[in-house]
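Novice: Give me coordinates for this.
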Amino acid sequence: MRYKEDHKEQIRQKILDSAGARLRSNGIAASGVVGLMADVGLTQGGFYSHFKSKDALVRESLEAGMQRLLRSVEKIMDSSSDRPLQAFVEQYLSPAHRDKPGTGCVASALSGEIKQSSEEIRDMFTQQLHEMADLIASALPEEWEADKRRELAETIYAMLVGTMSLARAVNDKAMSERLLVNAQAQILKMVKDSAE
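Specialist: I've put the predicted structure just below:
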């Protein structure tokens, strides 16, 4: 059977998308190549015609997921020009994000495992965090010094990731909700206090 010219690239993209969701939902260690390929209706043997290793797939799929998050954050901030940071914080610390890790932030789903990954994956992850900090910093007052905006942006993202990780980990729904709501309030208060 003859395939269209872009067939291989379409399959590769399908694998990346499926792998990204599985990795964020189940974790890196719990996501084997056999299961990843079965998700897209392919066998393990076909994997190596698309990726040289599981590590290469993990790096590419996580990078793609982080880039999607960055574009999503940009859209949220652009559509909320009067309060871009607040709009992002509220969306990030929402029950919808908490309940769907497979489509959410890579950092809150996998940072614990990424620390044990290859240097290539950790380098990519670090670069993506720099980009997220830059984006958050762009939503802070322009009159602040760049170093102050950067430090606060990194702190905000760390609080978002940590809060979401805890909100997903606890088995007490009320506590999970409180973590999300309280962190939202504290982040916005921290920004307001920094402006005074």
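Novice: Where does residue 11 fall, secondary structure wise?
Specialist: helix 7-26 (DSSP states H and E).
Novice: Check which element follows that helix along the chain.
Specialist: Assignment by DSSP H and E places the next element after helix 7-26 at helix 33-39.
Novice: And the contacts of the helix or strand just after that following helix?
Specialist: Where DSSP H and E defines the elements, the next helix or strand beyond helix 33-39 is helix 44-47. When contacts are defined by C-beta atoms under 8 Å, 6 or more residues apart in numbering, helix 44-47 is touched by residues 11, 15, 33-34, 36-37, 57. No exception for glycine: its C-beta is placed from N, CA and C like everyone else's.
Novice: Could you list the buried residues of helix 44-47?
Specialist: Of all the residues in helix 44-47, those buried under the rule 16 or more other C-beta atoms under 10 Å are residue 47.
Novice: Alpha carbons only: can I get the helix holding residue 11 in PDB?
Specialist: Extracted in PDB, the C-alpha atoms of helix 7-26 (Å, rounded to 0.1, in the frame of the first residue of the first chain):
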ATOM      1  CA  HIS A   7       2.100   9.800   6.500                       C
ATOM      2  CA  LYS A   8       5.200   9.100   8.500                       C
ATOM      3  CA  GLU A   9       5.200  12.600  10.000                       C
ATOM      4  CA  GLN A  10       1.500  12.300  10.900                       C
ATOM      5  CA  ILE A  11       2.200   9.000  12.700                       C
ATOM      6  CA  ARG A  12       5.200  10.500  14.500                       C
ATOM      7  CA  GLN A  13       3.000  13.400  15.700                       C
ATOM      8  CA  LYS A  14       0.300  11.000  16.800                       C
ATOM      9  CA  ILE A  15       2.900   9.100  18.900                       C
ATOM     10  CA  LEU A  16       4.200  12.400  20.400                       C
ATOM     11  CA  ASP A  17       0.700  13.600  21.300                       C
ATOM     12  CA  SER A  18      -0.300  10.300  22.800                       C
ATOM     13  CA  ALA A  19       3.000   9.900  24.700                       C
ATOM     14  CA  GLY A  20       2.800  13.400  26.100                       C
ATOM     15  CA  ALA A  21      -0.700  12.600  27.600                       C
ATOM     16  CA  ARG A  22       0.400   9.200  28.900                       C
ATOM     17  CA  LEU A  23       3.600  10.500  30.400                       C
ATOM     18  CA  ARG A  24       1.900  13.300  32.300                       C
ATOM     19  CA  SER A  25      -0.900  11.000  33.500                       C
ATOM     20  CA  ASN A  26       1.100   7.900  34.500                       C
END
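Novice: so what does it touch, helix or strand wise?
Specialist: helix 33-39, helix 54-79, helix 106-114 (3 or more C-beta pairs under 8 Å, 6 or more residues apart in numbering; DSSP states H and E).
Novice: By mean pLDDT, show me the worst of these.
Specialist: Lowest mean pLDDT within the helices and strands packed on helix 7-26: helix 33-39, a mean of 85.
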